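Trainee: Can you look at this prediction? I've put the sequence above it.
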Amino acid sequence: MNKSISDYELITRFIKGEQTCFEHLIRRHKNKVFAYISLYIRDQALAEDIFQDTFLKVIQSVKSGKYEDNGKFISWVMRIAHNLIIDHFRRLKQLNTISNDDYDSDIFNSRKLTDDNIEDSMIKRQIQKDIRKMISLLPDDQREVVILRHYADLSFKEIADITGVSINTALGRMRYALINLRKTMEEKKISLTIS
């Protein structure tokens, strides 16, 4: 299917009965949505379940006429995923089975190591651990913007839509997050470079 076809056109054609249009929408956005879910959910099978639930909710909403196109389809999908993730953690809290350690490792599960020599790999692993630790110390609103921007690769406009704030607020949160990260690095004398 032609990549120049807008999300809105695909949704319109899906509503009219072209099932393949929705499959195309999923293929178009699956990497971004799944990456976002995976930042919070470490368990691959659970992340896949939430991903599927996200698109089931999208289908239900589209078919029931609850979706109005305003050029923000992906932001709307990400908001649904975000809400399902929050619901998941609420259920876990109700079962008293969540700990901060689990939460941190779920959010900051990054596997971006190259096959350098062992020493460099160990240093990179330590740097990633330091970064995850510093990010985990940020206030929730700042941490969320950092994760969405640098791990999920979302634009500030998308972040604003997902979090329900203005772009200026999202930018401000990122600015304060960077200031706080710099301050933490100085206080704890953390170096994020390979010598």
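Mentor: Perfect, I can see it now.
Trainee: Using PDB, list the CA coordinates for the host helix or strand of residue 171.
Mentor: Applying DSSP states H and E as the criterion places residue 171 in helix 167-188. Listed next in PDB are the C-alpha coordinates belonging to helix 167-188 (Å, rounded to 0.1, in the frame of the first residue of the first chain):
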ATOM      1  CA  ILE A 167       4.500  21.600  24.000                       C
ATOM      2  CA  ASN A 168       6.100  24.300  26.200                       C
ATOM      3  CA  THR A 169       5.400  22.400  29.300                       C
ATOM      4  CA  ALA A 170       7.000  19.200  27.800                       C
ATOM      5  CA  LEU A 171      10.000  21.300  26.700                       C
ATOM      6  CA  GLY A 172      10.300  22.800  30.200                       C
ATOM      7  CA  ARG A 173      10.200  19.400  31.800                       C
ATOM      8  CA  MET A 174      13.000  18.200  29.600                       C
ATOM      9  CA  ARG A 175      15.000  21.300  30.400                       C
ATOM     10  CA  TYR A 176      14.600  20.800  34.100                       C
ATOM     11  CA  ALA A 177      15.300  17.100  33.700                       C
ATOM     12  CA  LEU A 178      18.600  17.900  32.000                       C
ATOM     13  CA  ILE A 179      19.500  20.400  34.700                       C
ATOM     14  CA  ASN A 180      18.800  17.800  37.400                       C
ATOM     15  CA  LEU A 181      20.800  15.100  35.500                       C
ATOM     16  CA  ARG A 182      23.800  17.500  35.200                       C
ATOM     17  CA  LYS A 183      23.500  18.300  38.900                       C
ATOM     18  CA  THR A 184      23.300  14.600  39.900                       C
ATOM     19  CA  MET A 185      26.400  13.900  37.700                       C
ATOM     20  CA  GLU A 186      28.400  16.600  39.400                       C
ATOM     21  CA  GLU A 187      27.300  15.700  43.000                       C
ATOM     22  CA  LYS A 188      28.000  12.000  42.500                       C
END
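Trainee: Surely residue 75 and residue 156 touch.
Mentor: No: with contact defined as C-beta atoms under 8 Å, residue 75 does not count as touching residue 156 (11.5 Å). For the C-beta atoms, the positions are set from N, CA and C on the backbone; glycine is no exception.
Trainee: how close does residue 122 sit to residue 188?
Mentor: 19 Å (C-beta to C-beta, to the nearest Å).
Trainee: hey, which helix or strand in this protein has the poorest pLDDT?
Mentor: The helix or strand of the chain with the lowest confidence, counting by mean pLDDT, DSSP states H and E, is helix 100-107 at a mean of 44.
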